[in-house]
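K.L.:
Sequence below, structure please.
(chains A, B, C and D)
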Number of protein chains: 2
Amino acid sequence: MKAKVSHDDRSSGHAHAQTPNLEHFRTVLHEHMLKRGLRTTDQRKLIVETFFHSPNHVSIEELLAEVRRQDPKVGYATVYRTLKLLTECGVAFERKFGDGLTRYELADEESHHDHLICVDCNKIIEFEEPKIEELQERVAARYGFVLKSHKHEMYGTCSECQAKARGSIRRTGN
Amino acid sequence: MKAKVSHDDRSSGHAHAQTPNLEHFRTVLHEHMLKRGLRTTDQRKLIVETFFHSPNHVSIEELLAEVRRQDPKVGYATVYRTLKLLTECGVAFERKFGDGLTRYELADEESHHDHLICVDCNKIIEFEEPKIEELQERVAARYGFVLKSHKHEMYGTCSECQAKARGSIRRTGN
DNA sequence: ATGTGTGCAAAGAGTTTGCACAGCC
DNA sequence: GGCTGTGCAAACTCTTTGCACACAT
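P.N.:
Okay, the predicted model is just below:
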């Protein structure tokens, strides 16, 4: 089976350059909950705050592990349900890269980035490339489109996995 | 559980605009099989040819359904195994969009295109922008990646829908 | 004939859901 | 106190795997 890959993008240098405006997200979430008559429980508070302070692209499992360090009896289901809540009210984005896990990311519009994903070890690197963004707009304009959003994911092999592949004639089978 | 309306390209009308060089892929596959002592069975032939003539991003289920129209007793496992084979020898790419299904795509480097999708009328326009491709490579290189594939989808409003919106601005709400 | 390939069904992996009890409002 | 939320485990969905038989080579 697949190793649990948790190396993430910390190494990309400026992943969380400036801490995002958590207060804003707390407010959005709170209002959403008021509007729907949802309750503030210890578990939700814990999960939400843990998520807010997690590296980008946490998986449920990683998040749960972290949550359980503070409250070992929190269950999977609650994490799933809470993250779904965050997604619904626009505080988090749900991302599915190729590894079968759902990962979550703060819906931080300010720090827009796209993704570079290693197809071998599933490492995820965030990048920003203003020139690409600009070209996108130009392409859109060419077809008369006004852009709202985009998804740009690049899949390839990272340097480590290239080295690994060179070292042992590929019998990965992974 | 099927009939997922994930923004995909099936409505673009000409998924395989110009038929890719299938002969090339048949050769690659054949050599790969020779090299590994794999056998050419009726099921494999059928599955491979069906895949070659399927629209982009077929799911296993869609492919199996098509295959079974010619040979109803082909099993899931064989399709999975054959597609894995195609992936291994570089003839197909495995793609996981957000709907929990694995989709497969011909590894057709030549006719690469990305998608511009109207969020109002769901029109899909295929575009190519070599400058973006080039920048992608540069970004990848910056992080030591060797690219295999990418997904670039831009969502926005097409000119017609913009016009429509301008025509009836009054009761938009949001 | 030999050993790979196939179909079936069961096992895995990740996610969702039903239920009874806990605890917010 | 009413009703939502939680934890647990079972159910689900998609994919992989073990096994006995089928069939390319």
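K.L.:
Could you check how far the closest residue to residue A:33 other than its chain neighbours is from residue A:135?
P.N.:
Nearest-residue entry for residue A:33: residue A:40, 6.8 Å, with adjacent residues in sequence omitted and distances by CB to CB, 6 or more residues apart in numbering or on different chains. Yep, even glycine has a C-beta here, placed from its N, CA and C like the rest. Residue A:40 sits 45 Å away from residue A:135, taking CB to CB, to the nearest Å as the criterion.
K.L.:
Give me the more crowded residue out of the two.
P.N.:
In this comparison of residue A:40 against residue A:135, neighbours counted by other CB atoms under 10 Å in any protein chain shown, the higher total goes to residue A:135 at 17 against 12.
K.L.:
That one against residue B:129, yeah?
P.N.:
Yes - A contact is recorded between residue A:135 and residue B:129 when judged using CB atoms under 8 Å, the distance being 6.1 Å.
K.L.:
Surely the residue nearest to residue A:33 touches residue A:32?
P.N.:
No - Residue A:40 is beyond contact range of residue A:32, at 11.7 Å (criterion: CB under 8 Å).
K.L.:
the helices in chain A, which residues?
P.N.:
Under the criterion DSSP state H, helices of chain A are mapped to A:22-35, A:42-52, A:60-68, A:76-88, A:130-142, A:159-167.
K.L.:
Return the residues of chain A in contact with DNA strand C.
P.N.:
By the criterion of CB under 7 Å from any atom of the strand, the positions of chain A lying close to DNA strand C are A:1-2, A:4, A:39-42, A:59-61, A:76-77, A:80-81, A:84, A:100-102.
K.L.:
Any part of the top strand by length along chain A near chain B?
P.N.:
Assignment by DSSP state E gives strand A:146-157 as the longest strand of chain A. Yes - interface with chain B: strand A:146-157 contributes A:146-157 (CB under 8 Å from any CB of the partner chain).
K.L.:
Show me what that strand is packed up against.
P.N.:
Contact partners of strand A:146-157 among helices and strands, from 3 or more CB pairs under 8 Å, 6 or more residues apart in numbering or on different chains; DSSP states H and E: strand A:114-118, helix A:130-142, helix B:130-142, strand B:146-157.
K.L.:
Partner strands of the shortest one, with direction?
P.N.:
Read it as strand A:114-118. Neighbouring strands of strand A:114-118 in its sheet, by DSSP bridges, are strand A:124-127 (antiparallel), strand A:146-157 (parallel).
K.L.:
Nearest the middle, which residue of chain A would you pick?
P.N.:
Using CA atoms, centre = their mean, the residue of chain A that lies closest to the mean C-alpha position is residue A:57, 2.6 Å off.
K.L.:
List the buried residues for the least confident helix or strand in chain A by mean pLDDT?
P.N.:
Every helix and strand of chain A was ranked by mean pLDDT, DSSP states H and E. The lowest is helix A:159-167, at a mean of 83. Residues of helix A:159-167 classed as buried: A:161-162 (neighbour count, 16 or more other CB atoms under 10 Å in any protein chain shown).
K.L.:
same check, this time on stretch A:100-117
P.N.:
Within stretch A:100-117, the residues that qualify as buried by neighbour count (16+ other CB under 10 Å) are A:101-106, A:108, A:111, A:113-117.
K.L.:
any idea which of those is least confident?
P.N.:
The lowest pLDDT within the buried residues of stretch A:100-117 belongs to residue A:111, which sits at 69.
K.L.:
can you pull the contacts of the closest residue to residue A:131 other than its chain neighbours?
P.N.:
Counting by CB to CB, 6+ apart, residue A:131 lies nearest to residue B:135, which is 5.6 Å off, once chain neighbours are set aside. Applying CB atoms under 8 Å, 6 or more residues apart in numbering or on different chains, we find residue B:135 in contact with A:129, A:131-132, A:135.
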